[in-house]
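[1] heads up, no residue letters with this:
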Ligand SMILES: Nc1ncnc2c1ncn2[C@@H]1O[C@H](COP(=O)(O)OP(=O)(O)OP(=O)(O)O)[C@@H](O)[C@H]1O
């Protein structure tokens, strides 16, 4: 049985036509993996995530998602693929004036008709599913609160529910905990990890904090200057390899005072 969900072949990306910020990336992501991508600032992690979600078009390469070559796909195939890829952002990207429930229901927009989405029509079943998701992340009592009344950690929990609301096959998270304190970061990673498992979603998460990556990832990918320099089980990511990936950009936040702060 083919277990691969996403195949990236010979991906190259240049924004200016001169410097390649990603260089011949070849990676296969299997179903149910929880992959963390690490690397110093400017290594190309965000570009990599944006590429998978087709927010940027690569200069060269192939992206095979769930059997379809996305770079050759027509508009309908692309729409279908996008609706199967959930996105979680560092700055949450919530509609701040809308309530929590509506924000989560928005995750469903790619899956309903254009007509229903214009009028914001959701079925009772959708609403119940959104409430259930919010209860799973401990926000059952806040569903009618405006999003801008929430703390950062609560906003990110809404972000996770919105992404899961679209029943994605793949979840992409770009620095989902970069704006949060250590205790909240851990909670968010626990929700992300547990819910990915529970719903059978493959996740690719960009992180700066190696300690957290090692705690949650089933696989870590290290990117340095646009190239994959590590791709293995977290147990094999030694301090020496971490130092090599981060080079002179290494600092406390990489190894993380996280573990000690949480002890
Ligand atoms: N829209 C853009 N236009 C031009 N250059 C860009 C653009 N986005 C990113 N870059 C450049 O591409 C390189 C990789 O950036 P990217 O944001 O992907 O790295 P990153 O590893 O995610 O860094 P960080 O951890 O700081 O977010 C950097 O040199 C960056 O300046």
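    Good, I have the coordinates. Quick caveat: nothing in here was measured; it's all calculated off a predicted structure. Numbering: from 1, shown residues only.
[2] what does the lengthiest helix in the chain contact?
    Assignment by DSSP state H gives helix 182-198 as the longest helix of the chain. Helix 182-198 is contacted from outside by 32, 34, 88, 136-137, 151-153, 156-157, 160, 164, 171, 173, 176-177, 180, 201-203, 205, 209, 212, 215-216, 257-258, 261-262, using C-beta atoms under 8 Å, 6 or more residues apart in numbering. All C-beta atoms are positioned from the backbone trio N, CA, C, and that covers glycine.
[3] got a ChimeraX select line for the buried ones in those residues?
    In ChimeraX syntax, the buried subset of the contacts of helix 182-198 is picked out as below (16 or more other C-beta atoms under 10 Å):
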select :34,88,136,137,152,153,156,157,160,164,171,173,176,177,180,201,202,203,205,209,212,215,216,258
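[4] which members of the contacts of helix 182-198 occur in strands, if any?
    34, 88, 171, 173, 202, 203, 205 (DSSP state E).
[5] nearest to residue 43 among the residues you listed?
    Of all the ones in strands among the contacts of helix 182-198, residue 205 has the smallest distance to residue 43: 14.9 Å, by C-beta to C-beta.
[6] please look at the closest one and residue 38 and confirm they touch.
    No - applying C-beta atoms under 8 Å, one finds residue 205 not in contact with residue 38, separated by 9.7 Å.
[7] now the longest helix of the chain against strand 202-206, angle please.
    The directions of helix 182-198 and strand 202-206 differ by 160 degrees, with axes from the mean of the first three to the mean of the last three C-alpha atoms, to 10 degrees as the criterion.
[8] and helix 182-198, what's its mean pLDDT?
    Regarding helix 182-198, the rounded mean pLDDT is 96.
[9] how about the contacts made by residue 173?
    Per C-beta under 8 Å, 6+ apart, neighbours of residue 173: 49, 87, 88, 89, 192, 203, 204, 205, 206.
[10] give me the distance between the second one and residue 39.
    Read it as residue 87. 20 Å (C-beta to C-beta, to the nearest Å).
[11] and these two? which has more neighbours close in?
    Higher neighbour count among residue 87 and residue 39: residue 39, with 25 against 22, using other C-beta atoms under 10 Å.
[12] so what's the residue of the stretch 51-200 of the chain found nearest the ligand closest to, chain neighbours aside?
    The ligand sits closest to residue 175 of the stretch 51-200 of the chain, with a gap of 6.6 Å, by C-beta to the nearest ligand atom. Nearest residue to residue 175, sequence neighbours excluded (C-beta to C-beta, 6 or more residues apart in numbering): residue 90, at 4.1 Å.
[13] phi and psi next, for the one you found.
    The phi/psi pair for residue 90 (degrees, to the nearest 10) reads phi -60, psi -40.
[14] quick one: mean pLDDT over stretch 227-236.
    Per-residue pLDDT over stretch 227-236 has a mean of 97.
[15] residues in contact with it?
    Outside stretch 227-236, the residues that reach it (C-beta under 8 Å, 6+ apart) are 23-27, 213-215, 217-223, 237, 241, 244-245.
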